[in-house]
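In: Here is the input, now give the coordinates:
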Amino acid sequence: YVSNGGNLLVLHGGLSAYPEDSRMRQLAKGHFLHHPEEHLDVMYEGTTPESEAIFFHFLDEHYFVDVDEEETNVFLRSKSSEGKQIAGWRHTIGEGKVLCLTPTHRKEGFEDETFKKLFKQSVEWLCD
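Out: Just a heads-up that it's a prediction; the model follows:
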């Protein structure tokens, strides 16, 4: 599907729904490792698909992932008291596009204006 021109958006929990050795892992170029038991104040910093610098933070499940950084474009990173992590990446596969985002687990995150801007531009990047 993707290599023939389809696009794939992988959000938060979608990264934890497949095995490390799966085709989905190959498409996403990353997979979920763990998150702390408690929600934390997680800070996100990077750029939108339109190269606009962004920063936002909210109470969240801080996702820790394994990403093939050399095979994708990392555009968002996260930081909390538990450490630093990749939080957003995108790449093409054949004629299609894949974009992965680890924020957010809670309603407040989806209501954050900066995250909404990032999410909107991410979908637009996939649809271009």
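In: ok, longest strand in this structure?
Out: strand 83-93 (DSSP state E).
In: list the buried ones in that strand?
Out: By 16 or more other CB atoms under 10 Å, the buried positions in strand 83-93 come out as Gln85, Ile86, Ala87, Gly88, Trp89, Arg90, His91, Ile93. Yep, even glycine has a C-beta here, placed from its N, CA and C like the rest.
In: Specify the angle between the next helix or strand after it and strand 83-93 in degrees.
Out: Per DSSP states H and E, the first helix or strand lying C-terminal to strand 83-93 is strand 96-101. Counting by axes from the mean of the first three to the mean of the last three CA atoms, to 10 degrees, strand 96-101 lies at 170 degrees to strand 83-93.
In: average pLDDT for strand 96-101?
Out: The average pLDDT for strand 96-101 rounds to 97.
In: helices or strands up against it?
Out: strand 7-11, helix 23-28, strand 83-93, helix 113-127 (3 or more CB pairs under 8 Å, 6 or more residues apart in numbering; DSSP states H and E).
In: what residues does it touch?
Out: 1-12, 15, 27-30, 76, 87-92, 118-119, 122, 125-126 (CB atoms under 8 Å, 6 or more residues apart in numbering).
In: Distance check, the spatially most central residue of the chain against Ala87.
Out: Nearest to the mean C-alpha position of the chain, by CA atoms, centre = their mean, lies Leu101 at 1.6 Å. Distance of Leu101 to Ala87, computed by CB to CB, to the nearest Å: 7 Å.
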